[in-house]
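Engineer: Here you go, sequence then predicted model.
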There are 6 protein chains.
Amino acid sequence: MVKVTFLKIGYIGATNLIDALLDERASRKGISVRVISSGCKMDEEEALDAAKLAASVPSDLYVVVSPNAGLPGPTAAREVLKETGKPIIIVSDEPSRKTAKKLGEEGFGYIVVYADPMIGARQGFLDPVEMALFNSDVIRVLAITGVLRLIHSEIDKVLAQIDKGEEPQLPQVIVNKEAALQQSGLENPYAHARAMASFEAARRVGALSTEGCFKVEEREIYLPIVAAAHELMRHAALMADEAREVEKANDTVTRIVHFRSGALRKKTQLLGKFEK
Amino acid sequence: MVKVTFLKIGYIGATNLIDALLDERASRKGISVRVISSGCKMDEEEALDAAKLAASVPSDLYVVVSPNAGLPGPTAAREVLKETGKPIIIVSDEPSRKTAKKLGEEGFGYIVVYADPMIGARQGFLDPVEMALFNSDVIRVLAITGVLRLIHSEIDKVLAQIDKGEEPQLPQVIVNKEAALQQSGLENPYAHARAMASFEAARRVGALSTEGCFKVEEREIYLPIVAAAHELMRHAALMADEAREVEKANDTVTRIVHFRSGALRKKTQLLGKFEK
Amino acid sequence: MVKVTFLKIGYIGATNLIDALLDERASRKGISVRVISSGCKMDEEEALDAAKLAASVPSDLYVVVSPNAGLPGPTAAREVLKETGKPIIIVSDEPSRKTAKKLGEEGFGYIVVYADPMIGARQGFLDPVEMALFNSDVIRVLAITGVLRLIHSEIDKVLAQIDKGEEPQLPQVIVNKEAALQQSGLENPYAHARAMASFEAARRVGALSTEGCFKVEEREIYLPIVAAAHELMRHAALMADEAREVEKANDTVTRIVHFRSGALRKKTQLLGKFEK
Amino acid sequence: MVKVTFLKIGYIGATNLIDALLDERASRKGISVRVISSGCKMDEEEALDAAKLAASVPSDLYVVVSPNAGLPGPTAAREVLKETGKPIIIVSDEPSRKTAKKLGEEGFGYIVVYADPMIGARQGFLDPVEMALFNSDVIRVLAITGVLRLIHSEIDKVLAQIDKGEEPQLPQVIVNKEAALQQSGLENPYAHARAMASFEAARRVGALSTEGCFKVEEREIYLPIVAAAHELMRHAALMADEAREVEKANDTVTRIVHFRSGALRKKTQLLGKFEK
Amino acid sequence: MVKVTFLKIGYIGATNLIDALLDERASRKGISVRVISSGCKMDEEEALDAAKLAASVPSDLYVVVSPNAGLPGPTAAREVLKETGKPIIIVSDEPSRKTAKKLGEEGFGYIVVYADPMIGARQGFLDPVEMALFNSDVIRVLAITGVLRLIHSEIDKVLAQIDKGEEPQLPQVIVNKEAALQQSGLENPYAHARAMASFEAARRVGALSTEGCFKVEEREIYLPIVAAAHELMRHAALMADEAREVEKANDTVTRIVHFRSGALRKKTQLLGKFEK
Amino acid sequence: MVKVTFLKIGYIGATNLIDALLDERASRKGISVRVISSGCKMDEEEALDAAKLAASVPSDLYVVVSPNAGLPGPTAAREVLKETGKPIIIVSDEPSRKTAKKLGEEGFGYIVVYADPMIGARQGFLDPVEMALFNSDVIRVLAITGVLRLIHSEIDKVLAQIDKGEEPQLPQVIVNKEAALQQSGLENPYAHARAMASFEAARRVGALSTEGCFKVEEREIYLPIVAAAHELMRHAALMADEAREVEKANDTVTRIVHFRSGALRKKTQLLGKFEK
């Protein structure tokens, strides 16, 4: 039984469902998953407190998910976990690319996702419903462009190594458009290109949200910008959806499923068999 | 500072983001949120273990989210939390309607959501990507049809009562189409009707998934059924999306935002002011 | 020359075009079709009068189409026709499932269609235009999900038996999702699943219309419900349309055509030949 | 009690539901409706036989619906009915425009609909399913562009005159785009324009079907043409649908409902009251 | 180096980009392109002046693009060019079909495009933005239905002949639906049919614009008609777009590319090689 | 009569129709327009030759349109025109932002458009049809996001100054998202935000095209990237289209029309009057 504990500090798109990716049908033998989260907050105090709780959970692997891994909260959190001596993988968004090298040097694994954009967090715009819809769109883009496949594959590899008693090789991955799409399983070249467009549009969302949240002061200017960010995110999700619809129309949707043993098995035709 | 701890046992749609609903911009003073989860698994052993961890977290309120609250795992979990003497709200899906009365009698609050359907959890169909896409669709339906608004409003009410030192009145709500839509803020009557259709379609998804997962044995019969469930879920999300698009076109999107104080303030026109 | 007379008492979706299904290009030799209808009304008096007129038309086969075959009007009508001694097939909607067994015992053939839902027949909602649009949507669902193919195939079989002087074997068919889809000719598994979702959504429409028309009294409650029923019907039609579009994109649309002789011949590629 | 009998000889789009337009909720007092049809066939023999049956039904008004009223079958049919001395309204499609003047001179009323196009009746293309889908699209265009409203309004006027014992003034209407749209109730000018575009596209469908069915001999040439006709018809329906969706988004859908008395009452807002 | 000069007198859809069609990547050796245009105006004075300028440019081939080649301006313009003794190809819209024969007799080549409709040029409707959008739609239809391929192929043939020092054979082509579609490269038969429908819809646009601009005087009548023309044009473009999307989903988009040498090379699969 | 000559060197999106923007109905008195173009090529030799031709045309104003105004060809061309002593406005794309300051210092007016992206000019991808479709999409984005309005308004201002004999004040405008949207006339805030998203997506297209054309060497890497660029451009156009559709649904489309006098008059409701 390999024990994996997710520590979630604040929210990015990948925060959602990352633990569920490992065991989509709740049938996997041999792993036990715990999640500890501080909710939306990611200041140092909340992060530390949650991290201590996580550190108290017996774990063979920690996965820390947060916005910008370079911020004080996430940094403090992973320092706490580091003291457990257990392997740690950091999953974070594009601003973390500046911190990635240092993470590697300090022995952390990392997965830095470029298409997981900041939300339009302005009081005059964001309410719980808008927030949820944005996440719905981000999840769609992450799922179809290959990001979620990449994330769970990397974690699965480490789990397998731990399970075999090997020294785990932690991932050091910058998830740009090429890295993501390679995992997407999209076979039609136009679907592949459209998903790539979706990925890049999502990156642009992050730039708009950042501008609207941090660079502009006037309400009548930043409100249209954060709204534009969410409009673009909605279309990024639509593009991704169209890409998958093409694969469905060709009966070429790649499915890579966790069997009870934890083994991943692949199939393509909906009514077909798993590959051996 | 009111402390609220979410215990998540297995996954329903509302599992996603339920803690984030309380503090969408991570700026709310006066509450501290913790989440403990057992990931996808919800058997008694995992549930108990996670519940004990949650019980160890100092909390003024517990919210337990799980599929079918009548199952052994969720039942055991809430029994553990009950011993803390703290108020507990159960959030669960339609199969829990049979347990709801008993929950009330035992002093639990409950929110039973009818449009949060079971996933098509068949090995030949569900992989992490398909799972994530289904959740993306469910989140959309829950957000637009009023379910998420209802959930956070009910929790917010209890938090306010606790904050004032009052004895909290725990919600006892069956979230059927009328209860949900009343919270949706949809002003155009056709958008309202379309969202209602979305809600009911999502319920039908649950019936199909259940049939495909539990009532049919033959692979060539259950695969089309669980696929049909997910197709219907995708269209339920599209219907919900269309409903919101109408409101956007009329600039009548209701936004109800958490201010730093925790107060909820409403606005309608995107560039307009909050109501007083 | 086989003479078939359709008696239509009130309206369901299948009332439209059912006679046209037998001879889509008006070129079939060997059959003569008559239709007698009482329009929308289906009370006993109107039904009886129309049935007597139908009974006066020399016929080798009667097909009676009406809502709920268990109601007094349709019941009285088929009793009148029974006196002719000719074979009779009853075509009706889901509420007739309760009557089906009895119909069989009394020697009637029957085709009970589960995805042919009641209309939202409320005065504040239904006008002739709304009524026509609902029928347009229902026809689309019946056509694409296989229902219309099943109906004409069953009638064609009986016509062929009569033509050969054989004792006709009348159909006893409950058209649930499996029975319908089997006739749909949809080859792509996702198109097939989407059409199944369309079928089930249409059934849910019936539940909503029934609730809105019969179970709720307050105008402000039933109007949204019947509107939701029609919104869901529109989306059921869109789902069906999407399913067919996939088949068109793959050039795999099944066409089964009546030749002049009445023989049915099948083709798939648009520019291809008929199978032999 | 006014008795109106519909004689349907062959099929146009308006054949569907024309009798249902008079009593959409099956609740109207004071009229009794009968329909007699020869199915798809419209040759003289079938037409005459059906007409004789219709002539035997006691009626205060006859409405004859058929393709091209100038063809021998429809001509013979109305001659038979003429002998009853009862008022007769001819409803037919654009090719009948050449016959319209003569119809008027002979004392018939007429409604000649320009957007009710011929179907692509080629053996290699048209099967019952394709036929039904084409009709679904035509019904949608007729409903939204105002044609069905115009048809039932004209018949309703005559029924009212008969009911009062007046000499009925039979309609003499060419339903071109202006005549139709005037009845559409579409308030948004772009929705109105789009519906007009839909109407004209439907007319173009007729030209394509005619070319594909009668002017071209080579299979590899006429198959694309009739397929193009149906593609254009599908888009005409989509355009009409979009027009109505705009009205729904503005809550300005015109509804003109038959009350029990037969009176027509109008409303606009879905939750609003009928105008007085 | 072959020198080709385009003289553009007024605007049709094909005016846009016609010179760009010859050298899409600006990399072609061996040709030099000049364009002279009088902008939107096409009266005799402006046309003559522009033509004289064009005549002063050393050219091996002239291509004259204008609305209705039979009008005085375009006629005068080509007379001026004729004096250069160089080969001249006239590209114009459907009204030019009446002039085509005469053009041929006078030694001009011609390409008369039937799906390049007049714009809705009414003051109360057309502004620069609406004008640009109409052109965007027309370009899409011309591109996908094969018209642009046909135009550049015909000019390319003449350029090749001139390059070889041969006497050029000027094209005499009426671009009706068959001529266009044959060049479209659309392989799926429904995509082909839909593009044909798009082509015919575009022709109908021309009829509506003409009616709205020249045959109707009343503002409240012509405004809806020209608006309907543009609505239909938008849907014609959507139909064309759908046709191409089908080809993309099948990875069967035909690409015929100008190599540096001017040679045209064809490929189909996006990631495939050029045919030899 | 003010004479304006456009010199087009190579192609950007704004190259299309820029001259037509000034006189959309070809009815404007008081201006005469000439266009000289070198087609797609923009090397120094072609540019110079075309510029000399343009310089020979008597003009009161020159407008030079080209990609990247800093390249040798466009630079040489404007130097030639500069010798005429006439006012010159440079219209170009985002890479020109580096040259803009210098242009201003040298006395040129400039309009640098940020959402007019480079095309995916790779031999294995771009053929004349793909090129035309890309331009169709770019035109749509430029039209709806306000860019075309801004361009013609700026030129119109200069024309008016020249017409009055005033010293023209040449524009110095960087058309970023704020500058463009301010001219878009979009009233609904979500339509406005969606158009802004469209604008930014179009900018991202330019980044992808540049990467695919200049930064990547491997065919299997750059082909997906340029295809992604065009996919994103198509969705940028769809977003823009959706924005306009919202305005149409609200009957709030801004139209600013050139009257015969050259005066610009504005109207909003389609059937409404021009503002005074």
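Structural biologist: In hand now; what should we look at? Numbers count the residues shown, from 1 in each chain, chains lettered A, B, ... in the order given.
Engineer: what separates the helix or strand hosting A:Ala240 from the chain centre, distance-wise?
Structural biologist: Using DSSP states H and E, A:Ala240 sits within helix A:219-249. In this view, helix A:219-249 has its centroid 18 Å away from the chain centroid, taken as C-alpha atoms, centre = their mean, to the nearest Å.
Engineer: Bridged to the residue lying closest to A:Asp163 once chain neighbours are set aside, which residues?
Structural biologist: In this structure, A:Asp163 finds its nearest non-sequential neighbour in A:Val2, 5.2 Å apart by C-beta to C-beta, 6 or more residues apart in numbering or on different chains. Heads up, the C-betas are built off the backbone N, CA and C, glycines and all. Taking DSSP bridges as the rule, A:Val2 bridges to A:Ile31.
Engineer: got the angle for the helix holding A:Ala240 vs helix B:219-249?
Structural biologist: 160 degrees (axes from the mean of the first three to the mean of the last three C-alpha atoms, to 10 degrees).
Engineer: Next, the buried residues of helix A:219-249.
Structural biologist: A:222-249 (16 or more other C-beta atoms under 10 Å in any protein chain shown).
Engineer: Over to stretch A:166-177?
Structural biologist: So stretch A:166-177, judged by 16+ other C-beta under 10 Å, has buried residues A:168, A:170-173, A:175-177.
Engineer: contact partners of that stretch?
Structural biologist: Outside stretch A:166-177, the residues that touch it by C-beta atoms under 8 Å, 6 or more residues apart in numbering or on different chains are A:61, A:87-89, A:97, A:100, A:104, A:107-115, A:145, A:147, A:150, A:154, A:157-158, A:161-162, A:179, A:196, A:199-200, F:228.
Engineer: All the strands of chain A, residue numbers only.
Structural biologist: A:2-8, A:31-37, A:61-65, A:88-93, A:109-113, A:172-175, A:255-258, A:264-267 (DSSP state E).
Engineer: Grab the CA positions of the second one and hand them over as PDB.
Structural biologist: To tie it back to what came earlier, the one meant is strand A:31-37. Provided in PDB are the C-alpha atoms of strand A:31-37 (Å, rounded to 0.1, in the frame of the first residue of the first chain):
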ATOM      1  CA  ILE A  31      -2.700   3.100  -3.000                       C
ATOM      2  CA  SER A  32      -4.300   5.200  -0.300                       C
ATOM      3  CA  VAL A  33      -4.900   8.800  -1.000                       C
ATOM      4  CA  ARG A  34      -5.300  11.700   1.400                       C
ATOM      5  CA  VAL A  35      -5.900  15.300   0.700                       C
ATOM      6  CA  ILE A  36      -5.200  18.200   3.000                       C
ATOM      7  CA  SER A  37      -6.200  21.700   1.800                       C
END
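Engineer: Report the angle between that strand and strand A:61-65.
Structural biologist: With the same axes, to 10 degrees as the basis, strand A:31-37 and strand A:61-65 are set at 40 degrees to each other.
Engineer: contacting residues around A:Gly73?
Structural biologist: With contact set as C-beta under 8 Å, 6+ apart, A:Gly73 has these partners: A:9-10, A:42-44, A:46-48, A:66.
Engineer: before we move on, back to that, which neighbouring elements make contact with the helix holding A:Ala240?
Structural biologist: If you count contacts as 3 or more C-beta pairs under 8 Å, 6 or more residues apart in numbering or on different chains; DSSP states H and E, helix A:219-249 packs onto helix A:128-144, helix A:189-210, helix C:189-210, helix C:219-249, helix E:219-249, helix F:177-181, helix F:189-210, helix F:219-249.
Engineer: All set now, cheers.
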